[in-house]
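Colleague: No letters, just coordinates:
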């Protein structure tokens with residue numbers, strides 16, 4: 001009986017082992033034990049094994065992590081953090097984090113739109129990256145660093161803009177060239193008469209807008225009765241207002257295509273000249289201001305690049321590239337969506 005009592009007591013002691021006991025036996029800190037057992041952070045493979053083995057020796061009564069599978073680290077590197085669509089990207093990432101396998105760690109890296117900041121983030125990392133999702137400009141230096149990462153086995157996915165000269169990258173954005181062509185087609189079809197069409201281009205050096213611009217111009221060449229007027233703007237409402245006012249004064253303006261922001265200024269100019277319903281206007285993204293423009297009858301079409309689906313597709317590409325996806329996502333671009341005054345919704349663009 002005495003022996004049985006001792007065994008019962010010893011068993012009881014093992015059941016009560018806490019993080020401090022495990023840390024002492026494994027030779028690590030309690031915070032490391034917490035990260036390993038709760039799978040909430042980056043821990044080296046050796047520390048992970050020591051913690052799990054110590055927990056087994058102490059007969060800890062809980063489901064222990066699988067030491068045969070290392071954590072998968074996916075970086076999401078995003079510049080242009082002040083724009084609404086990038087904020088929407090970040091919201092969607094936060095939403096789907098709750099559904100990701102515990103072995104997967106998604107690290108969000110928000111940066112200003114500066115090449116040196118992006119390159120610094122690409123070079124320096126506190127963990128070994130398995131995959132990286134990138135929203136940045138396609139510059140020779142950034143491209144060179146991404147190609148080096150691809151050569152080292154990192155899965156690279158570009159978002160919003162495709163980097164055509166990367167060796168083996170994946171893309172989870174829309175076909176911006178086709179989006180631009182679509183805008184041109186609708187302006188040609190919806191305009192009540194031939195005339196001048198204003199193309200407001202916010203930044204031709206950013207691949208997204210350059211591709212949209214090329215697609216739009218290609219479509220406009222199919223109808224000689226429309227004259228395209230391209231003007232570069234700084235994307236501000238005031239700049240767009242002044243440009244549209246100047247073009248309206250010249251007369252015969254039948255269409256406006258805006259590839260970026262500044263729509264408040266466009267609307268203000270159209271109202272001042274009482275041209276809200278007589279100029280065909282096509283723009284991008286279901287921003288709150290654009291939904292209002294649709295309701296007022298000022299905008300005729302919004303081309304939305306479906307940011308939620310882009311993020312989901314990018315993460316699926318990353319997981320599949322790391323060997324965790326059962327079904328690979330489609331290899332082609334994400335389909336964009338079209339909204340007009342009869343099928344728009346009223347949900348706010350940003351959830352918070």
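Modeller: Structure's in. What do you need? As the structure is a prediction and not an experimental result, all values here were calculated from the model. Numbering: from 1, shown residues only.
Colleague: Measure how buried the nearest residue to residue 171 once chain neighbours are set aside is and give me the count.
Modeller: Excluding the flanking residues, the one nearest residue 171 by CB to CB, 6 or more residues apart in numbering is residue 162, at 4.6 Å. Glycine gets a C-beta too; all of them are placed from N, C-alpha and C. When counting by other CB atoms under 10 Å, one arrives at 22 neighbours for residue 162.
Colleague: and what of residue 157?
Modeller: Counted with other CB under 10 Å, residue 157 comes out at 22.
Colleague: same check, this time on residue 349
Modeller: 18.
Colleague: try residue 59
Modeller: Around residue 59 there are 12 residues (other CB under 10 Å).
Colleague: State the phi and psi torsions of residue 164.
Modeller: phi -60, psi -20 (degrees, to the nearest 10).
Colleague: Quick one, grab the pLDDT at it.
Modeller: For residue 164, the pLDDT comes out at 86.
Colleague: Could you report the distance from the residue lying closest to it once chain neighbours are set aside to residue 311?
Modeller: Of all residues not flanking residue 164 in the chain, residue 138 sits nearest, at 7.9 Å (CB to CB, 6+ apart). Distance from residue 138 to residue 311, counting by CB to CB, to the nearest Å: 20 Å.
Colleague: Between those two, which is the more surrounded one?
Modeller: A count of neighbours by other CB under 10 Å puts residue 311 above the other of residue 138 and residue 311, at 23 against 20.
Colleague: Report the contact partners of the more buried one.
Modeller: By CB atoms under 8 Å, 6 or more residues apart in numbering, the contact list for residue 311 reads 89, 92-93, 96, 159, 172.
Colleague: tell me, how many neighbours does residue 67 end up with?
Modeller: 15.
Colleague: thought it was touching residue 49?
Modeller: Yes - under the criterion of CB atoms under 8 Å, residue 67 makes contact with residue 49 at 5.0 Å.
Colleague: element containing residue 231?
Modeller: Using DSSP states H and E, residue 231 maps to strand 226-232.
Colleague: In terms of helices and strands, where is the residue nearest the centre of the chain?
Modeller: Nearest residue to the geometric centre of the chain (CA atoms, centre = their mean): residue 89, 4.3 Å. Residue 89 is part of helix 84-96 when elements are defined by DSSP H and E.
Colleague: Need the residues that contact that helix.
Modeller: Helix 84-96 is contacted by residues 76, 78, 80-81, 106, 108, 110, 135, 159-160, 285, 287, 305, 307-308, 310-312, 315, 349-352 when judged by CB under 8 Å, 6+ apart.
Colleague: please redo it, this time with the cut-off set to 7 Å
Modeller: 76, 78, 80, 106, 108, 135, 285, 287, 307-308, 311-312, 315, 349-352 (CB atoms under 7 Å, 6 or more residues apart in numbering).
Colleague: Please flag which of these sit within strands.
Modeller: Applying DSSP state E to the contacts of helix 84-96, the entries found in strands are 76, 78, 106, 108, 135.
Colleague: right, and the pair among those residues with maximum separation?
Modeller: For the ones in strands among the contacts of helix 84-96, the farthest-apart pair by CB to CB is 106 and 135; their separation is 14.2 Å.
Colleague: who has more neighbours, these two?
Modeller: residue 135 (25 against 18).
Colleague: Pull the contacting residues for the more buried one.
Modeller: Residues in contact with residue 135 (CB under 7 Å, 6+ apart) are 78-80, 86, 89, 159-160.
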